[in-house]
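In: structure, please.
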Amino acid sequence: MTFQFSVLASGSSGNAFYIGTDKEKILVDAGLSGKQIDRLFEESGLNPKELSRILVTHEHSDHIKGLGIIARKYNLPIYANEKTWKAMEHSIGKISLDQKFIFEMEQVKTFGDIDVESFGVSHDAAEPMFYAFHHQGKKVAIVTDLGYVSERIKKTVENADALIFEANHDVSMLQMGRYPWNVKRRILGDYGHVSNDDCALALEDIIGDQTKRIYLAHLSKDNNMKELARMSVENHLKQADFPIGDTVTIHDTDPLVPTPLYQVV
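Out: Numbers count the residues shown, from 1 in each chain. Just a heads-up that it's a prediction; the model follows:
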């Protein structure tokens with residue numbers, strides 16, 4: 001049985017994530033134009049017509065920009081918590097009632113042969129939440145858009161086979177950069193985004209014997225670089241005696257190029 005995923009797009013300009021089995025095919029977020037999302041599916045060798053549903057993490061435009069378009073085009077049910085629905089309804093156009101579903105925080109829902117666990121994060125949105133996906137003893141988790149990584153989040157995603165984890169900014173680059181101070185303060189605050197260093201510190205508590213792959217996600221275009229994020233996280237984890245490059249590998253994500261489909265085995 002296949003259990004595979006691709007980070008279709010990740011970054012401050014747009015986010016979309018695919019995970020699926022032979023029976024169930026899920027899109028998480030649709031933060032790019034409908035045309036771009038179709039292109040990402042095509043480049044991944046996936047067919048958006050086969051999608052089962054869309055899960056939403058929160059209402060920021062880099063997560064819902066193409067949501068209404070894709071849902072209408074492929075007649076897909078959308079799942080989000082009640083506060084997120086209220087916050088995004090005016091941004092996604094008309095969605096018919098039979099496509100609207102509630103998925104509240106700290107719940108587990110079974111879709112086909114995938115159990116999906118939702119968990120809250122600290123971010124400046126109505127009620128942001130992310131997901132851990134369970135299938136036949138394997139676990140894949142997405143954790144981005146959060147100001148800090150709580151112990152509860154660590155417990156929920158620990159020992160995942162694969163992690164899509166935020167490494168948004170390098171603190172020095174952000175502090176020296178062109179952003180106005182109030183934006184810098186938001187990013188660095190408890191409802192902002194996780195830095196490269198904080199990503200590495202959190203991963204120390206999350207990586208387990210099952211963990212094989214970590215994808216560094218939601219990198220800032222202005223305040224980070226793939227090489228810097230990867231080097232920061234790898235160096236930190238190597239110093240903490242994790243088998244990085246051996247049994248655990250670190251991977252980049254991109255705002256425009258999907259990661260190759262990865263089969264979780």
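In: grab the most central residue of the chain for me.
Out: I142 (4.3 Å; Cα atoms, centre = their mean).
In: can you tell me the closest non-neighbouring residue to that one?
Out: Once flanking residues are discounted, I142 sits nearest to I164: 4.5 Å by Cβ to Cβ, 6 or more residues apart in numbering. The way it works is simple: take the backbone N, C-alpha and C, and place the C-beta from them, glycine included.
In: surely that neighbour is in a strand?
Out: Yes. Using DSSP: H, G, I helix; E, B strand; the rest coil, the assignment for I164 is a strand.
In: hang on, isn't it packed against Y215?
Out: Yes. Taking contacts as Cβ atoms under 8 Å, I164 lies within contact range of Y215: 4.6 Å.
In: who has more neighbours out of those two?
Out: I164 (29 against 24; other Cβ atoms under 10 Å).
In: tell me the contacts of that one?
Out: Listed by Cβ atoms under 8 Å, 6 or more residues apart in numbering, the contact partners of I164 are V7, S10, F17, V140, A141, I142, V143, T144, Y215, A217, T253.
In: ok, those vs L201, which is closest?
Out: Closest approach to L201 among those (Cβ to Cβ): V143, at 13.3 Å.
In: what count of nearby residues applies to the residue nearest to the closest one when sequence neighbours are not counted?
Out: Closest residue to V143 apart from its sequence neighbours, by Cβ to Cβ, 6+ apart: F165 at 5.1 Å. Using other Cβ under 10 Å, F165 has 27 other residues around it.
In: from the opening residue of stretch 162-177 to its closing one, how far?
Out: 32 Å (Cα to Cα, to the nearest Å).
In: which residues sit against stretch 235-245?
Out: D197, A200, L201, L203, E204, I207, E234, V248, I250.
In: so which residues of the stretch 151-265 of the chain form strands?
Out: Assigned by DSSP state E, counting those that start in this stretch, the strands in the stretch 151-265 of the chain fall at 162-166, 213-217, 249-252, 262-263.
In: and those as CSV, adding distance to M225 and mean pLDDT?
Out: Shown next, in CSV, are these (distance: least, Cβ to Cβ, whole Å; pLDDT from 0 to 100):
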stretch, distance to M225, mean pLDDT
strand 162-166, 15, 98
strand 213-217, 11, 98
strand 249-252, 10, 98
strand 262-263, 23, 98
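In: one step back: find residues that contact each of I164 and Y215.
Out: In contact with both I164 and Y215: V7, S10, T253, using Cβ under 8 Å, 6+ apart.
In: any idea which of the residues you listed is closest to S44?
Out: Among those, and counting by Cβ to Cβ, the member closest to S44 is V7, at 9.8 Å.
In: fine by me, thanks again.
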